[in-house]
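*Asks:* I would like the atomic coordinates for the input below:
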Amino acid sequence: MRLVSIARIATWTRRVVARAWSTLDPRPAARDVAAAGRDLCRSRRDLIVENAVLRHQLGILRRKSQRPKLHLMDRLRLLLGAHLLEHWRAAIVVVQPDTLIRWHRAGFRLFWRRRSRPRRRSPLPPKTIDLIRDMARRGRLWGAERIRGELLKLGIRVSKRTIQKYMRGVRSRRGGGQTWATFLRNHADRTWACDFIQSYDLLFRQVYAFFIVHVSSRRVIHVAATRNPTQAWTAQQLRNALMTSEPPSILLRDRDDKFGLSFDDVAKGAGARVIKIAVRAPNMNAIAERFVGSARRELLDHVMLLGAEQLGSLLREYRDYFNESRPHQGLGQRRPAGGTSDADVSKPIAFRSVLGGLHVDYRRAA
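*Replies:* Presented below is the predicted three-dimensional model:
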């Protein structure tokens with residue numbers, strides 16, 4: 001008990017001595033005297049700026065909030081004071097020095113971002129804008145620099161960036177090469193498309209029909225049917241078609257195993273380039289797919305097949321009707337054989353049944 005009392009008395013004594021020393025410590029007074037001495041050596045301008053910064057900080061701290069919020073003007077004033085004061089780190093105490101430096105960098109970025117904005121130039125005349133768009137529309141292979149050269153020929157000076165700006169509304173964002181539709185339009189006169197039609201006979205056995213169609217005129221060149229379409233049989237059908245028609249430059253086909261290398265060799269021997277359509281891309285061979293749909297809707301969905309011979313006979317009759325008599329929407333209601341109507345409209349109208357009455361062919365009587 002005696003040792004405990006002595007320890008308590010020692011602790012109390014140390015606390016009293018520490019409080020008395022903090023009261024009598026001459027160091028804070030010495031610091032104030034030193035600061036006042038430095039202020040006597042400073043210029044009047046520095047003192048006025050420092051007093052203004054300190055007064056502004058007191059105004060911020062007097063706001064009715066536990067944590068006063070700094071507004072834009074507060075930040076600008078503090079930044080201005082830091083710019084004018086040499087010892088600003090000691091004068092600004094409401095925020096950390098790193099915070100003030102971050103504000104200055106953000107303002108620096110904002111200033112140069114605004115200075116770096118492109119200057120607005122006088123707008124082009126509407127006629128020049130229409131001319132640029134017309135050149136971009138007609139010259140599908142022309143770039144902005146090529147159009148700029150054409151404009152210089154006409155005495156019109158326009159920058160490349162401006163031409164690119166007005167080209168975007170005319171051309172879609174695609175690759176640099178031409179589209180597949182453009183390729184077909186350019187080569188449709190010398191392009192054939194081929195495919196198979198799969199059907200079933202009365203006993204649910206598979207029967208296949210092979211056909212070749214001319215892309216430009218939609219004319220069906222050749223049709224044939226079989227139960228077992230081997231590669232040799234398909235190649236022979238292509239030979240039969242080449243014997244009755246002018247060889248094409250391009251032959252479109254899918255990646256079915258029923259074609260094979262022998263089919264491609266026959267096409268290459270006739271001077272035709274074989275193009276295989278992409279996987280799951282029927283639109284690349286849309287003309288052939290269209291004929292498949294027409295043959296199903298207008299023939300195969302309405303007959304019962306007994307065998308490959310009957311299928312071949314029906315398709316050959318349908319081919320003649322398809323080429324000679326059936327109007328096509330893709331051709332402007334014209335027939336693949338040509339013409340929209342007979343020449344002599346004074347003659348009476350006659351008709352004949354096609355495919356056992358499944359279709360009717362109307363013509364002017366001879």
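*Asks:* was I right about Thr230 contacting Lys258?
*Replies:* Yes. Between Thr230 and Lys258 there is a contact under CB atoms under 8 Å: 7.4 Å. C-beta coordinates here come from the backbone N, C-alpha and C atoms, glycine included.
*Asks:* between those two, who's got more neighbours?
*Replies:* The neighbour count for Thr230 versus Lys258, taken as other CB atoms under 10 Å, is higher for Lys258 (16 against 13).
*Asks:* isn't the more buried one up against Ala232?
*Replies:* No. Lys258 is beyond contact range of Ala232, at 10.4 Å (criterion: CB under 8 Å).
*Asks:* helix or strand: which one has Arg133?
*Replies:* helix 126-138 (DSSP states H and E).
*Asks:* which strands or helices does the helix or strand following that helix pack on?
*Replies:* Counting by DSSP H and E, the next helix or strand C-terminal to helix 126-138 is helix 144-153. Identification of packing neighbours for helix 144-153 by 3 or more CB pairs under 8 Å, 6 or more residues apart in numbering; DSSP states H and E yields helix 126-138, helix 160-167.
*Asks:* gap between the nearest residue to Met167 once chain neighbours are set aside and Ile147?
*Replies:* Leaving aside its sequence neighbours, Met167 sits nearest to Ala136 (CB to CB, 6 or more residues apart in numbering; 4.5 Å). Ala136 sits at a distance of 7 Å from Ile147 (criterion: CB to CB, to the nearest Å).
*Asks:* where do the contact lists of these two overlap?
*Replies:* Met167 (CB atoms under 8 Å, 6 or more residues apart in numbering).
*Asks:* would you list the phi and psi of the residue nearest to Pro336 when sequence neighbours are not counted?
*Replies:* Leaving aside its chain neighbours, Pro336 sits nearest to Arg219 (3.9 Å; criterion: CB to CB, 6+ apart). Torsion angles at Arg219 (phi, psi; degrees, to the nearest 10) stand at phi -80, psi 130.
*Asks:* what number of residues lie near Arg219?
*Replies:* 19.
*Asks:* contacting residues for it?
*Replies:* 213, 323, 336-337.
*Asks:* kindly write the ChimeraX command that selects the buried subset of those residues.
*Replies:* Buried subset of those, written as a ChimeraX selection, criterion 16 or more other CB atoms under 10 Å:
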select :213,323,336
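*Asks:* now the contacts of Arg219 in TSV, with secondary structure and distance to Leu251?
*Replies:* Formatted as TSV, those follow (DSSP: H, G, I helix; E, B strand; the rest coil; distance: CB to CB, whole Å):
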residue	secondary structure	distance to Leu251
Val213	strand	11
Asn323	helix	19
Pro336	coil	18
Ala337	coil	22
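*Asks:* and which of the contacts of Arg219 is nearest to Ile275?
*Replies:* Val213 (14.9 Å; CB to CB).
*Asks:* residues in a beta bridge with the closest one, which ones?
*Replies:* Val213 has these beta-bridge partners by DSSP bridges: Ala193, Val220.
*Asks:* that one contacts Ala188, doesn't it?
*Replies:* No. The pair Val213 / Ala188 is not scored as a contact, 11.3 Å apart, by CB under 8 Å.
*Asks:* just for the stretch 151-300 of the chain, where's the confidence low?
*Replies:* 172-177 (pLDDT under 70).
*Asks:* can you pull out the helices in it?
*Replies:* 160-167, 180-187, 231-244, 260-269, 286-298 (DSSP state H, counting those that start in this stretch).
*Asks:* who's in contact with the longest one?
*Replies:* When contacts are taken as CB under 8 Å, 6+ apart, the neighbours of helix 231-244 outside the stretch itself are 194, 210, 212, 221-222, 224, 226, 257-263, 265-267, 270.
*Asks:* from Pro68, how far off is the residue nearest to Pro336?
*Replies:* Taking CB to CB, one finds Arg219 at 87 Å from Pro68.
*Asks:* likewise Asn323?
*Replies:* Distance from Asn323 to Pro68, by CB to CB: 90 Å.
*Asks:* quick check: bridge partners of Ile197?
*Replies:* Ala209.
*Asks:* make sure it is actually in contact with Leu299.
*Replies:* No. Look at Ile197 against Leu299 with CB under 8 Å: they stay out of range, at 9.8 Å.
*Asks:* want to throw the helices of the stretch 151-300 of the chain into JSON lines with distance to Pro97 and mean neighbour count?
*Replies:* Formatted as JSON lines, the helices of the stretch 151-300 of the chain follow (distance: least, CB to CB, whole Å; neighbours: other CB atoms under 10 Å):
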{"stretch": "helix 160-167", "distance to Pro97": "44", "mean neighbour count": "16"}
{"stretch": "helix 180-187", "distance to Pro97": "64", "mean neighbour count": "14"}
{"stretch": "helix 231-244", "distance to Pro97": "83", "mean neighbour count": "17"}
{"stretch": "helix 260-269", "distance to Pro97": "78", "mean neighbour count": "16"}
{"stretch": "helix 286-298", "distance to Pro97": "71", "mean neighbour count": "17"}
